[in-house]
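Asks: One predicted model, sequence on top.
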Amino acid sequence: MTAAGGVGGATQARVDAWAWAIRLFSTRSAATAACKAGHLKVNGSTVKPAHPVKVGDTVRALTPGGERIVVVTGIIVKRTSAAKAAEHYDDRTPPPPPKEERVLPVLRERGAGRPTKRDRREIERLRGRD
């Protein structure tokens with residue numbers, strides 16, 4: 001299924017190993033856990049950690065830094081430098097929205113208790129969900 005070390009023209013690799021090798025996740029176990037939780041999708045389907053990924057597949061990953069959409073351009077199973085890893089995928093992640101369009105977090109004073117109905121309505125109004 002995979003070539004040892006990702007050398008020698010491998011045609012497919014485990015999706016968790018590939019996602020870790022191209023640095024979508026900081027550890028292999030984090031990539032495996034993301035697969036098990038349904039945070040990794042290959043061509044629109046939720047997959048298990050051992051699912052094979054091939055050149056041309058589209059991988060959507062919900063990472064700690066946000067959702068990433070990448071297209072497989074090469075197979076790699078060993079973690080290498082970020083520059084070499086970038087050669088094995090094409091990043092299609094859309095840019096984040098402009099700062100004006102982002103929802104601001106509502107900060108409440110510590111110990112203020114639960115929001116009242118009036119507070120909740122004000123929070124919803126601030127978020128634009130009238």
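Replies: That came in fine, so what should we check first?
Asks: ok, now which ones touch the residue lying closest to Thr63 once chain neighbours are set aside?
Replies: Once flanking residues are discounted, Thr63 sits nearest to Leu24: 5.7 Å by C-beta to C-beta, 6 or more residues apart in numbering. Every C-beta, even on glycine, is put in place using the N, C-alpha and C of the backbone. Shown in contact with Leu24 (C-beta atoms under 8 Å, 6 or more residues apart in numbering): 31, 59, 61, 63, 68, 70.
Asks: Just the ones of these in strands?
Replies: Among the contacts of Leu24, the ones falling in strands (DSSP state E) are 59, 61, 63, 68, 70.
Asks: Compute the number of surrounding residues for the third one.
Replies: To tie it back to what came earlier, the one meant is Thr63. Applying other C-beta atoms under 10 Å, we find 18 residues neighbouring Thr63.
Asks: Confirm for me that Val53 is in contact with Ala21.
Replies: No. Contact criterion C-beta atoms under 8 Å: Val53 and Ala21 do not qualify, at 10.6 Å.
Asks: got a markdown table for the ones in strands among the contacts of Leu24, with distance to Leu40 and pLDDT too?
Replies: Shown next, in a markdown table, are the ones in strands among the contacts of Leu24 (distance: C-beta to C-beta, whole Å; pLDDT from 0 to 100):
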| residue | distance to Leu40 | pLDDT |
| --- | --- | --- |
| Val59 | 7 | 95 |
| Ala61 | 5 | 94 |
| Thr63 | 9 | 90 |
| Arg68 | 10 | 93 |
| Val70 | 11 | 96 |
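Asks: Which single one of those residues is nearest to Pro95?
Replies: Arg68 (12.3 Å; C-beta to C-beta).
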